[in-house]
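Asks: Quick one, what's the 3D model for this:
(2 chains)
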Amino acid sequence: NAGVTQTPKFHILKIGQSMTLQCTQDMNHNYMYWYRQDPGMGLKLIYYSVGAGITDKGEVPNGYNVSRSTTEDFPLRLELAAPSQTSVYFCASRPGTSGGYNEQFFGPGTRLTVL
Amino acid sequence: KQEVTQIPAALSVPEGENLVLNCSFTDSAIYNLQWFRQDPGKGLTSLLLIQSSQREQTSGRLNASLDKSSGRSTLYIAASQPGDSATYLCAVRNTGFQKLVFGTGTRLLVSP
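Replies: Down below sits the predicted model:
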């Protein structure tokens, strides 16, 4: 298994532009998450999904959108990028089975700079 | 609102020492607690997950304990090695919630 993969690894965006960060997992996990990590801060949840077709907001959803049309993919869309969205973005997934182990597995991250 | 604190923010030790990293949380109604390792410029690697009903988990040289009533978890690293140098993050999931609440991490440097 490749686990959780994210593309691109790095990107520079101009203010006002839009882009989509891609996230794919091949573990057949039900739950998927998008977090952002700012320097010196803990990770904060942007959006999450409990299964295909179902998404919900996290702590910091403003300026972002998500969709979940398949179990494997959970893209994050940035509309009208702002400098405050400069961050490292992590995608994560977990099985979602009740009880037992429920680890979250993380992708390698996308480092985004908005200038 | 759940808040997670990790002390110290940074730690530097010589190789071979046993060490303890601390994590405290304000709301004891947790579902589980997870310890991660993050290398510079990399993603997070899960080290140990403790369910709320468990007191500790072990993996190799790592041992994590959980005391829900006092809102604390510790990560014990035995016989530290330079390869253990990384940032260690603690994260808590509350019962009934999806998100993990992260601490800001402890940056560990193990010198040869």
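
Asks: Chain neighbours aside, what residue packs nearest to whatever residue of chain A ends up closest to chain B?
Replies: Per Cβ to the nearest Cβ, A:Gly42 is where chain A lies closest to chain B, at 3.4 Å. Where you see a C-beta, it was placed from the backbone N, CA and C, and this is true even at glycine. In space, not counting the residues next to it along the chain, A:Gly42 is nearest to B:Phe102; the distance is 3.4 Å by Cβ to Cβ, 6 or more residues apart in numbering or on different chains.

Asks: Please apply the same query to B:Ala29.
Replies: B:Ala29 sits nearest to B:Thr95 (Cβ to Cβ, 6+ apart), 5.2 Å away.

Asks: wait, isn't the one you found in contact with B:Ser52?
Replies: Yes: B:Thr95 is within contact range of B:Ser52, at 7.4 Å (criterion: Cβ atoms under 8 Å).

Asks: Who has more neighbours out of those two?
Replies: Between B:Thr95 and B:Ser52, counting by other Cβ atoms under 10 Å in any protein chain shown, B:Ser52 is the more crowded of the two (16 against 10).

Asks: and the more buried one, what is it in contact with?
Replies: B:Ser52 makes contact with B:30-33, B:66, B:68, B:95 under the criterion Cβ atoms under 8 Å, 6 or more residues apart in numbering or on different chains.

Asks: Rebuild the residues you listed as CSV, extending it with pLDDT and secondary structure.
Replies: CSV is the format used below for those (pLDDT from 0 to 100; DSSP: H, G, I helix; E, B strand; the rest coil):
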residue, pLDDT, secondary structure
B:Ile30, 92, strand
B:Tyr31, 90, strand
B:Asn32, 91, strand
B:Leu33, 95, strand
B:Leu66, 97, strand
B:Lys68, 93, coil
B:Thr95, 83, coil
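
Asks: Kindly indicate the member of the residues you listed with the most neighbours.
Replies: B:Leu33 (27 neighbours).

Asks: right, and the residue nearest to A:Gly42 touches B:Cys90 too?
Replies: Yes: contact criterion Cβ under 8 Å: B:Phe102 and B:Cys90 qualify, at 7.3 Å.

Asks: Residues of chain B that sit close to chain A?
Replies: Contact residues of chain B with respect to chain A, defined by Cβ under 8 Å from any Cβ of the partner chain, are listed as B:4, B:31-32, B:34, B:36, B:41-46, B:49, B:89, B:91, B:93, B:98-105.

Asks: 6 Å - rerun?
Replies: B:43-44, B:46, B:49, B:98-99, B:102-104 (Cβ under 6 Å from any Cβ of the partner chain).

Asks: Name the next helix or strand following the helix or strand where A:Val50 lies along the chain.
Replies: Assigned by DSSP states H and E, A:Val50 belongs to strand A:43-51. Using DSSP H and E, the helix or strand that follows strand A:43-51 towards the C-terminus is strand A:54-57.

Asks: which secondary structure elements does that following strand contact?
Replies: Using 3 or more Cβ pairs under 6 Å, 6 or more residues apart in numbering or on different chains; DSSP states H and E as the contact test, the elements touching strand A:54-57 are strand A:43-51.

Asks: who's in contact with the strand it packs on?
Replies: A:30-37, A:55-56, A:58-61, A:64, A:66, A:68, A:74, B:98-99, B:102 (Cβ atoms under 6 Å, 6 or more residues apart in numbering or on different chains).

Asks: partner residues bridging the residue of chain B found nearest chain A?
Replies: Residue nearest to chain A within chain B (Cβ to the nearest Cβ): B:Phe102, separated by 3.4 Å. Beta bridges link B:Phe102 to B:Ala91, judged by DSSP bridges.

Asks: Nothing else from me, thank you.
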